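Student: Sequence below, structure please.
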Amino acid sequence: MARMKNWDVIVIGGGIIGLSVAIALNKRGLKVLIVERGEPGREASHAAAGMLVGATLEGPKALQSLSITSAQMYPEFAHELQDESGIKVDLRDEGTLVLDASEGGERVKPEELEPALAAGDRPAVLLHERSVDPRALVAAALKAARHRGVDIASGTAVTGLLFSDKRVSGVSTDKSHYSAPAVVNCAGAWAGGITPHLFPTRPKKGQMLAVVGQPVLRRVIRAPEVYLVPRSDGRILIGATVEDAGYDKRTDPSVIHRMQQAAIRLVPTLAKAKIHEAWAGLRPGTPDDLPILGETATPGYFAATGHFRDGILLAPVTAHVMSQAICGQRPEYDLAAFSPVRFS
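Tutor: Next up is the predicted model:
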């Protein structure tokens, strides 16, 4: 890649948020460069479960409108990525059973819908939610971005911004520098380390496992102690913890065992399933559990980060509103609650 080449926008971070924003900008005719410290799609996006939770009673109220909108955008979003990449993203619409809940959805008897469940007389509701395979989704987005001509510089970490006349003019990295009149920080848990705006993002570790051999569930199961997410290939994902552990992505065998046993208590036949994989990811958290979206106090510098557990869910709507903001349009949705300047 030529060092002196200029782009219209530089996207810092190659997870699902960065890839989706880059694709949306490319559709508007802009030349886009993604700068990724590691390999695109290998951090929080790769580690996620892929539950597309449109709205919850527990989540921040300020986020519900964006969440519902993004969930509604998903079929078209996923279909487009599949068409452009040829990669199936396993978008499922079987719904979600939420145990120990009596409102927010259709009240049901859980074992009538999922006979393998040992839910006893626990109250449950059925939510008409979807799920997606984040790894397949990211692979599809990466292939689609490359097919569209989005440039990608991987294995290079952004060390700071470049300026001209008090506005952004590009980024410097540990290997080179790249020029553009607009930069958007989509660096997830690493977004806070880029000067001059040290956003208060922090990594929130989540440990998960996947089992195989007992494809006994159709629907996502959410319970206070654990959740289970079936995939069309027979895997069942079990998760997940929320830990303040810095940038430590190691798994703890005792934690993995505890989650596996919790899943077996919910679905006894999973005792015969084998652990296929265990992993940990780092979600980008913020002090108020809301994402950081919009232009910063520095002209030309934008942020789309801090999505915590909702990066996969919010990718379509984030790409939509950020492409509007970066192109000088008023975003279709009010981003005031998510403004980067709230931490100034």
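Student: Helices of the stretch 1-150 of the chain, start to end?
Tutor: 16-27, 44-47, 61-85, 110-113, 134-148 (DSSP state H, counting those that start in this stretch).
Student: and the residue nearest to G285 when sequence neighbours are not counted, how many residues sit next to it?
Tutor: In this structure, G285 finds its nearest non-sequential neighbour in K204, 4.2 Å apart by CB to CB, 6 or more residues apart in numbering. (Glycine included, C-beta is placed from N, CA and C.) Close neighbours of K204, defined as other CB atoms under 10 Å, add up to 21.
Student: what domains does the record give for this structure?
Tutor: 1-92+131-201+287-344, 94-127+202-285 (automatic domain parsing).
Student: Heading C-terminal from the helix or strand containing A153, find the next helix or strand.
Tutor: Taking DSSP states H and E as the definition, A153 sits inside strand 151-154. From strand 151-154 onward toward the C-terminus, using DSSP H and E, the following helix or strand is strand 158-164.
Student: Any chance you could list what contacts stretch 157-164?
Tutor: If you take CB atoms under 8 Å, 6 or more residues apart in numbering as the criterion, stretch 157-164 is touched by 12, 35, 37, 168-174, 177, 179, 183, 187, 194-196, 298, 301.
Student: So which bits of it are buried?
Tutor: 157-158, 161 (16 or more other CB atoms under 10 Å).
Student: Pipe these into CSV and attach distance to A278 and pLDDT per row.
Tutor: Shown next, in CSV, are the buried residues of stretch 157-164 (distance: CB to CB, whole Å; pLDDT from 0 to 100):
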residue, distance to A278, pLDDT
A157, 27, 94
V158, 31, 96
L161, 38, 96
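Student: what would those residues look like in a markdown table with distance to T269?
Tutor: As requested, these are exported to a markdown table (distance: CB to CB, whole Å):
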| residue | distance to T269 |
| --- | --- |
| A157 | 45 |
| V158 | 48 |
| L161 | 54 |
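Student: with the residues you listed in mind, which one is nearest to A144?
Tutor: For those, the closest approach to A144 (CB to CB) belongs to V158, at 23.2 Å.
Student: The residue nearest to G285: which element?
Tutor: strand 202-212.
Student: pLDDT on that strand, on average?
Tutor: Averaged over strand 202-212, pLDDT sits at 97.
Student: immediately after that strand, which helix or strand?
Tutor: strand 220-222.
Student: What pairs with that next one, parallel or antiparallel?
Tutor: strand 96-99 (parallel), strand 227-230 (antiparallel) (DSSP bridges).
Student: list the contacts for the closest residue to R202 other than its chain neighbours?
Tutor: Nearest non-adjacent residue to R202, counting by CB to CB, 6+ apart: G285, 5.2 Å away. Listed by CB under 8 Å, 6+ apart, the contact set of G285 reads 189, 201-204, 306, 308.
Student: I'd like to know which of these is nearest to D289.
Tutor: Checking those against D289 by CB to CB gives F308 as the nearest, at 5.9 Å.
Student: list the contacts for that closest one?
Tutor: 204, 283-286, 289, 291.
Student: Sort out which of those are buried, if you could.
Tutor: Among the contacts of F308, those buried by neighbour count (16+ other CB under 10 Å) are 204, 283-286, 291.
Student: which of the residues you listed lies closest to T96?
Tutor: For the buried ones among the contacts of F308, the nearest to T96 is R283 (19.6 Å; CB to CB).
Student: Report the beta-bridge partner residues of the closest one.
Tutor: K204.
Student: Run a quick check on P284 versus G206, I expect a contact.
Tutor: No. Using CB atoms under 8 Å, P284 makes no contact with G206, being 11.5 Å away.
Student: Tell me where the model's unsure across the stretch 101-250 of the chain.
Tutor: Applying pLDDT under 70 to the stretch 101-250 of the chain picks out no residues at all.
Student: make it 80
Tutor: For the stretch 101-250 of the chain, residues meeting the criterion pLDDT under 80 lie at 215.
Student: What are the buried residues along stretch 220-238?
Tutor: In stretch 220-238, counting by 16+ other CB under 10 Å, buried: 220-223, 226-231, 235-238.
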